[in-house]
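Novice: kindly return the folded structure for what I paste below:
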Amino acid sequence: MDIALYTLTSSLHDKSAVDAVSLEFIRSVESELGYGLDFRGDDFSRYGDSDLDLIFVRTGGSEGLFRKVFPALRGNILLLTSGKSNSLAASLEILSFLNLNGRKGEVLHGSADYIAHRIELLAKVARARRSLQGQNTGIIGEPSDWLIASRPDKKAAKEKLGVNLVDIDIRELIDRAGNNPTTPLPEHAAGIIGALRRDAPETVRKYVDGATGIYAALRQMISEYRLSALTIRCFDLLGALGNTGCLALALLNSEGIPSSCEGDVPALLSMIMGNALTGKSGFQANPSQIDPHTGQMLFAHCTVPFNMVERYSYNTHFESGIGVAVHGELPAGDVTVFKVSSDMNRYFCEEARLLENRYGSNLCRTQVLLQMQDPSVCTEYFLKNPIGNHHVIFTGKHKDIFTEFMKEN
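Specialist: Next up, the predicted model:
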């Protein structure tokens, strides 16, 4: 991480004494971080060019100094303070000034390990937000007709995430895939598809070439439109190509290209944000069964990323009985369920435990049973005030970083 450290120091205090106290404090924080901070002193000319900028308020009486540099500062203001030499008091005055001027900020104060944890978290959020700026996200076909509460909001995506939503006619994908594209496949995808041709049951194997053509066509479009993510109106492929996009989406998500099905843009944005924040792929899934008493929920879908599962096999797509769908088994343990609304004004985030994988015949092929950490969300959120049907599951505990990211929207 590249963390810049700027300083505010009042001339009313003895410089040598302040330097000694400050050095000890900063070294304790760096020790907890495991790396050094980029010390830039009172020269704010490069403010904003690092993963994270900290303003170290070293003494009381430095409020006026902050007011002078304030007009050039952008974004949230992070005030680091040891509490020595009335520095905490000055930081609180500065933070109050920020609030009065409609700006957000935070005072980083406490033990060295607490401060280091906050710095790490905030730096990851800032880096993720920066990585999203200018990304092109393809909407290949309109959202599916049943997604009546999950329509795209291009203005919100651009203003709050920096992401460009690019409309692409579904006919382009259908035409490309129907023409047997010959795009070279990445090594890992070629390996998976080769094994699929060899090992899948005959009911699935006859769809492999067509499913591979959809994947190859999407890779062509990713390159030509410079897409970092995409969603497709995948049910249109059933009649036009006699196949599904399940395999293609599972592969693309495994490659770090967030890809949602059914043209669900809010689900896709949730996957994009999760990937940027955690570096992990997300599994878009439907809540299929809920037990309000126990807080257990069953989620299911046909496009689980290969890099999320311990084992996998193949079947046809659940609803249509055609194509290549993935039945994956995810490892038991901690997961995070996340979903953001189209306008980015609402979000849901809850940690859970993945208890077991199931394989019932009447649901989408990958099925996971989760124990929600807070059972009340089953009724208070899912059964009373949900954000659409699809939600995104990430392995690991990430509620803190998702929550931090959404504070800025």
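
Novice: for the rest of this, base every contact and every neighbour count on C-alpha atoms.
Specialist: OK.

Novice: quick one, domains of this protein?
Specialist: Following automatic domain parsing, one finds the domains of the chain at 3-132, 136-407.

Novice: need the winner for burial among the ones you listed.
Specialist: domain 136-407 (a mean of 19; mean count of other CA atoms under 10 Å).

Novice: stretch 77-89: end-to-end distance?
Specialist: Using CA to CA, to the nearest Å, the end-to-end distance of stretch 77-89 comes to 16 Å.

Novice: which residues touch it?
Specialist: Residues outside stretch 77-89 that contact it (CA atoms under 8 Å, 6 or more residues apart in numbering) are 13, 18, 21-22, 25, 53-60, 91, 104-110.

Novice: take the domains of the chain and write them to JSON lines, including mean pLDDT.
Specialist: What follows is the domains of the chain, written out as JSON lines (pLDDT from 0 to 100):
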{"stretch": "domain 3-132", "mean pLDDT": "94"}
{"stretch": "domain 136-407", "mean pLDDT": "94"}
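
Novice: state which strand of this structure is the longest.
Specialist: Using DSSP state E, we find that the single longest strand of the chain is strand 347-358.

Novice: adjacent strands (with direction) for that strand?
Specialist: strand 333-340 (antiparallel), strand 366-372 (antiparallel) (DSSP bridges).

Novice: who touches the last one?
Specialist: This means strand 366-372. 294-304, 326-330, 350-360.

Novice: name the SS class of the residue nearest the centre of the chain, please.
Specialist: For the chain, the residue nearest the mean C-alpha position is Gly274 (1.5 Å; CA atoms, centre = their mean). Local secondary structure at Gly274 is given as helix here, using DSSP: H, G, I helix; E, B strand; the rest coil.

Novice: number the chain from 14, please
Specialist: Will do, 14 is the new start, and the previous item becomes Gly287.

Novice: go ahead and confirm it touches Gly295.
Specialist: Yes: between Gly287 and Gly295 there is a contact under CA atoms under 8 Å: 7.1 Å.

Novice: and for the two, which residues touch both?
Specialist: Phe407.

Novice: format the strands paired with strand 360-371 as TSV; extra columns: distance to Met321.
Specialist: Output for the strands paired with strand 360-371, formatted as TSV (distance: least, CA to CA, whole Å):
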stretch	distance to Met321
strand 346-353	11
strand 379-385	11
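
Novice: out of those strands, which is closest to Pro156?
Specialist: strand 346-353 (16.2 Å; CA to CA).

Novice: residues contacting the helix or strand hosting Glu43, please?
Specialist: Element membership for Glu43 (DSSP states H and E) is helix 28-46. Helix 28-46 is contacted by residues 49-50, 71-72, 95, 97-98, 125-126, 128-130, 133 when judged by CA under 8 Å, 6+ apart.

Novice: swap the cut-off to 7 Å and go again
Specialist: Gly49, Leu50, Arg71, Ser95, Ala125, Asp126, Ile128, Ala129 (CA atoms under 7 Å, 6 or more residues apart in numbering).

Novice: and for stretch 296-303?
Specialist: So stretch 296-303 is contacted by 273, 309-314, 317-318, 391, 402-407 (CA under 7 Å, 6+ apart).

Novice: with stretch 205-223 instead?
Specialist: Contacts of stretch 205-223 (CA under 7 Å, 6+ apart): Asn256, Tyr327, Asn328, Thr329, Gly336, Val337.

Novice: now name the helix or strand holding the closest residue to Phe52 other than its chain neighbours.
Specialist: Sequence neighbours aside, Leu18 is the residue nearest to Phe52 in space, at 4.8 Å (criterion: CA to CA, 6 or more residues apart in numbering). Element membership of Leu18, judged by DSSP H and E, is strand 16-21.

Novice: run me through the strand neighbours of that strand, direction for each.
Specialist: strand 51-54 (parallel), strand 65-70 (parallel).

Novice: sec struct for Gly252, please.
Specialist: Quick answer, by three-state DSSP: Gly252 is helix.

Novice: how close does it get to Gly336?
Specialist: 11 Å.

Novice: cool, Cys315 as well?
Specialist: 11 Å.

Novice: dump the residue contacts of Glu155.
Specialist: By CA under 7 Å, 6+ apart, the neighbours of Glu155 are Arg246, Gly276.

Novice: in a helix, that's where it is, yeah?
Specialist: No: assigned with three-state DSSP, Glu155 falls outside any helix and is coil.

Novice: and the gap between the closest residue to Leu121 other than its chain neighbours and Leu111?
Specialist: Computed as CA to CA, 6+ apart, the closest residue to Leu121 that is not its neighbour in sequence is Leu93, at 4.8 Å. From Leu93 across to Leu111, the span is 15 Å (CA to CA).

Novice: convert the longest helix along the chain to CSV, retaining C-alpha atoms only.
Specialist: Ranked by residue count, the top helix of the chain under DSSP state H comes out as helix 125-145. Provided in CSV are the C-alpha atoms of helix 125-145 (Å, rounded to 0.1, in the frame of the first residue of the first chain):
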residue,chain,number,x,y,z
ALA,A,125,-1.7,1.4,17.2
ASP,A,126,-3.4,-1.8,16.2
TYR,A,127,-6.8,-0.1,15.9
ILE,A,128,-5.3,2.7,13.8
ALA,A,129,-3.4,0.3,11.6
HIS,A,130,-6.6,-1.7,11.0
ARG,A,131,-8.5,1.4,10.0
ILE,A,132,-5.7,2.5,7.7
GLU,A,133,-5.6,-0.9,5.9
LEU,A,134,-9.3,-1.0,5.5
LEU,A,135,-9.7,2.5,4.2
ALA,A,136,-6.7,2.1,1.8
LYS,A,137,-8.3,-1.0,0.3
VAL,A,138,-11.6,0.8,-0.1
ALA,A,139,-9.8,3.8,-1.7
ARG,A,140,-7.9,1.5,-4.1
ALA,A,141,-11.0,-0.4,-5.1
ARG,A,142,-12.9,2.8,-5.8
ARG,A,143,-10.0,4.1,-7.9
SER,A,144,-9.8,0.9,-9.9
LEU,A,145,-13.5,1.2,-10.9
